[in-house]
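1. I need the structure of the sequence given here:
(one chain, ligands or ions: 1)
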Amino acid sequence: MAAPRVAVAGGGLAGLAAALDLTGAGCEVHLFERSRLLGGRATSFEIDGHTVDNGQHVYLACCTEFTDFVERAGMADALYLQDRFDVTVYSHGVRSELRAANLPAPWHLVASMAAYRHLGLRGKLQLTRALLALSREKAPPGNFAAWLRRHGQSDETIRAFWDPFMVPALNAPLEAMSAAEAAFVIRTAFLRDRDAARFGYSKVPLAQIMEAAARDLASVRRATVVSGIASLDGGVRVRSADAQDDVFDAIVLALPPRALQRVLLEPARFGVADLEKFEASAIMDVHLWHDRGRLDFDFCALLDSPVQWIFQKGDGYLCCSLSAASAHVSTPTEEIVGAMWREVSAALPELRGAQLVRGAATRNPEGTYNARPGAVRPTARTLDPRVTIAGSWTATGWPDTMESAVRSGREAARVLLERNAWKTKR
Ligand SMILES: Cc1cc2nc3c(=O)[nH]c(=O)nc-3n(C[C@H](O)[C@H](O)[C@H](O)COP(=O)(O)OP(=O)(O)OC[C@H]3O[C@@H](n4cnc5c(N)ncnc54)[C@H](O)[C@@H]3O)c2cc1C
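-> Predicted coordinates for the structure are as follows:
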């Protein structure tokens, strides 16, 4: 039998992960991507001659499917990963470190709190109690803010630990965050394994990793929108701007929820529900170039600021990440750059008296997708055995992250291969 011809719609991490696995299994894979760039939300582009990522992306050591994907794309050297969990936190000019101790989890984190200057003894005890409670409660109901209050967390503890770590991790304010998802993140990153929460990031523009992942595909059709599909007896007809009506043996739809809704037209016929119940949450990055040169950190968290994390991307270049940023995402560039420069230069003593050279902003009104309460995240399977779906927002068990995207893509490929989709009849 000739190699099955499989289409993948969506060239983000989910689509690329599916494409990589299907190619590895001997399929002829054709990728359709709406943009000229690969990587979707995790891509890079040029601003005034500087290549910047579409928002700073970090991963944790527990994101093993993501790191495996990068490795299989031949780009393992592109990734940086800390030797141990080690985070610098600034609050109003005061610097402190959280550094994993040589103890088994969760005591590696509890012990690191001893030297943490932004939280008093009472707060540290509160935090320890909450961590121990989270190790017991698998899927607490309700929102995480309510859970924290029920477990005696004061404003100080929320400000000094829960806000800076959880708001960016789930890209939502604590009140809008599912307690079950928050518990999953804490357990996975902090409670199981001392090394799991080590931070990592790409040392090269993300788009380079994505291009490498697509290298061996049969074709990559950029700037090509898939507008619809039709299930046939022996295949799937894919409608797109360039390949008008091409027929494939199977397809992976690795699209955001709204785009998937448009392509499926009637999702219920495919057994897919609730697509309208996913809400986008904004992420914004403000890029600041200043005249002070290299500062003494690779990345740091800020307390009491709309900027949660700052990454030093080069000498004199800071990338400031604002999660759950719906209040800022429409602010004009000049205004947001000025405001964030004031925030950052006031918070970092090393920047006192420094001058801003230039600034830029990248905006993602649809940074992540969260299911509204009651909505069910769909699995990869649809009622048509030749059609699978993928995306960081689908039912992977992980929040909308790069890890979730890769897991979803691999699962969609696995389902097609396991079903031997190309031999099935409707
Ligand atoms: C600014 C920002 C910062 C982030 N930071 C982090 C982080 O630090 N760590 C982390 O783990 N995650 C982070 N994320 C989330 C992470 O980027 C996503 O979870 C992940 O990249 C999603 O991958 P995906 O393939 O599921 O979806 P997407 O990346 O959204 O890919 C979907 C693709 O489908 C394409 N498409 C849409 N419609 C069509 C169509 N009709 N036909 C063809 N193609 C179509 C789109 O152009 C896109 O390329 C961040 C996201 C943003 C925006």
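2. so which bits of the stretch 251-400 of the chain are right by the ligand?
-> 254-256, 259, 263, 283, 285, 364, 367-368, 391-392, 400 (CB under 6 Å from any ligand atom). For every residue, glycine as well, the C-beta is placed using N, CA and C.
3. which ones are touching V225?
-> Contact analysis of V225 by CB atoms under 8 Å, 6 or more residues apart in numbering lists F32, R34, S240, A241.
4. tell me which of those fall in helices.
-> In helices, judged by DSSP state H, none of these are found.
5. out of these, give me the one that has the most neighbours.
-> F32 (28 neighbours; other CB atoms under 10 Å).
6. that residue bridge partners, please.
-> In this entry, F32 is beta-bridged to A9, R221, by DSSP bridges.
7. could you check the pLDDT of it?
-> Per-residue confidence for F32 comes out at a pLDDT of 97.
8. ok, A133 next?
-> With respect to pLDDT, A133 has a value of 94.
9. what mean pLDDT does stretch 283-302 get?
-> Stretch 283-302 comes out at a mean pLDDT of 96.
10. buried residues in that stretch?
-> Within stretch 283-302, the residues that count as buried by 16 or more other CB atoms under 10 Å are 283-290, 292, 295, 297, 299-302.
11. what about A380, distance to the ligand?
-> 12 Å (CB to the nearest ligand atom, to the nearest Å).
12. returning to what we had before: run through the contacts of V225 and flag the ones next to the ligand.
-> Contacts with the ligand within these, as defined by CB under 6 Å from any ligand atom: F32, R34.
13. mind telling me what element A230 is part of?
-> Taking DSSP states H and E as the definition, one finds A230 inside strand 226-231.
14. returning to that earlier point: columns distance to W147 on top of the contacts of V225, output as JSON lines?
-> Below are the contacts of V225 laid out as JSON lines (distance: CB to CB, whole Å):
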{"residue": "F32", "distance to W147": "42"}
{"residue": "R34", "distance to W147": "38"}
{"residue": "S240", "distance to W147": "45"}
{"residue": "A241", "distance to W147": "47"}
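15. looking at the contacts of V225, which is nearest the ligand?
-> Nearest to the ligand among the contacts of V225: R34, at 3.6 Å, using CB to the nearest ligand atom.
16. how close does the closest one get to S240?
-> R34 is 10 Å from S240, where distance means CB to CB, to the nearest Å.
17. find the residues that touch each one of these two.
-> Between them, R34 and S240 share these contacting residues under CB under 8 Å, 6+ apart: T224, V225, V226.
18. so who does the first one touch?
-> When you say that, I think you mean T224. F32, E33, R34, S240, A241, D242, A243 are the contacts of T224 under CB under 8 Å, 6+ apart.
19. would you confirm that the third one contacts A223?
-> In this case it means R34. Yes: here R34 reaches A223: they are 7.1 Å apart, a contact under CB atoms under 8 Å.
20. re earlier: mind picking the two most distant members of the contacts of T224?
-> In terms of CB to CB, the contacts of T224 reach their longest pairwise distance at R34 and A243, which sit 13.8 Å apart.
21. show me the contacts for L417.
-> L417 makes contacts with D21, L22, A25, as judged by CB under 8 Å, 6+ apart.
22. follow-up on the earlier one: list of residues touching the strand holding A230?
-> Strand 226-231 has contacts (CB under 8 Å, 6+ apart) with 7, 9, 32, 34, 236-241, 251, 253, 255, 262-265, 384, 386-387, 426.
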